[in-house]
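Q: My questions concern the predicted model and sequence given below.
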Amino acid sequence: MKTLFTTLALASVLVAAPQAQAAEPKNIVETAVAAGSFKTLAKALQAADLIKTLEGKGPFTVFAPTDEAFAKLPAGALEGLLKDKAKLTAVLTYHVVAGKVLAADVVKMTSAKTVQGQSATISTKDGVKIDGAKVTQTDIIASNGVIHVVDTVLMPK
């Protein structure tokens, strides 16, 4: 009887407890790290001292290359970028657009001005592409913007 009473008391406490709040959305960097397929991007952002920027208020739109995209770079290219902070910063900021640009907006655009300063060309022929890189996943929402996954590292012109 005591066990039944304890079980009923515990059940009533659980039912009366407020529902857990939904977790706050993660920022762009936390979202990318949690996805697990952006380890190289995270390493590059750290080397370029851009982590705090992309953890900031934003909003930002990031065309994020996967680890596989970085692996497609020519031999030695990534290592060279990691040793040249100015060039690395230019490459990484070329992947970022100010504001929150969702997929529904991207498909209406022909170019996007990047944080790096140059514009990247957007095409919707045979899927959405930015400077020839295929967008493979869209609208990964973060607390300070949105991530669109690309299959190739974008290089400023």
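A: Perfect, I can see it now.
Q: Name the spans of the protein whose pLDDT lies under the cut-off.
A: 1-23 (pLDDT under 70).
Q: Show me where it has its strands.
A: Secondary structure of the chain (DSSP state E): strands at 60-65, 96-98, 111-113, 119-123, 129-130, 133-142, 145-150.
Q: Out of the ones you listed, which one sits most buried?
A: Mean neighbour count (mean count of other C-beta atoms under 10 Å) peaks for strand 60-65 among the strands of the chain, with a mean of 25. Using the backbone N, CA and C atoms, a C-beta is placed for each residue, glycine as well.
Q: I'd like the distance between the residue nearest to A71 when sequence neighbours are not counted and D105.
A: Nearest non-adjacent residue to A71, counting by C-beta to C-beta, 6 or more residues apart in numbering: T40, 7.9 Å away. T40 sits 27 Å away from D105, going by C-beta to C-beta, to the nearest Å.
Q: Compare the two (neighbour count), which wins?
A: T40 (19 against 13; other C-beta atoms under 10 Å).
Q: quick one, what contacts the more buried one?
A: The contact partners of T40, taken as C-beta atoms under 8 Å, 6 or more residues apart in numbering, are 65, 67, 70-71, 78.
Q: Same check on D151?
A: Contact analysis of D151 by C-beta under 8 Å, 6+ apart lists 65-66, 68-69, 133-134, 136.
Q: give me that answer again for 10 Å
A: 65-66, 68-69, 72, 129, 132-137 (C-beta atoms under 10 Å, 6 or more residues apart in numbering).
Q: Not counting sequence-adjacent ones, nearest residue to it?
A: Nearest to D151 is K134, by C-beta to C-beta, 6+ apart, at 4.7 Å.
Q: Hmm, the one you found is touching G127, no?
A: Yes. Using C-beta atoms under 10 Å as the test, K134 is close enough to G127 to be in contact (5.8 Å).
Q: residues in contact with T66?
A: Going by C-beta under 10 Å, 6+ apart, T66 touches 32, 35, 37-41, 72, 136-137, 149-153.
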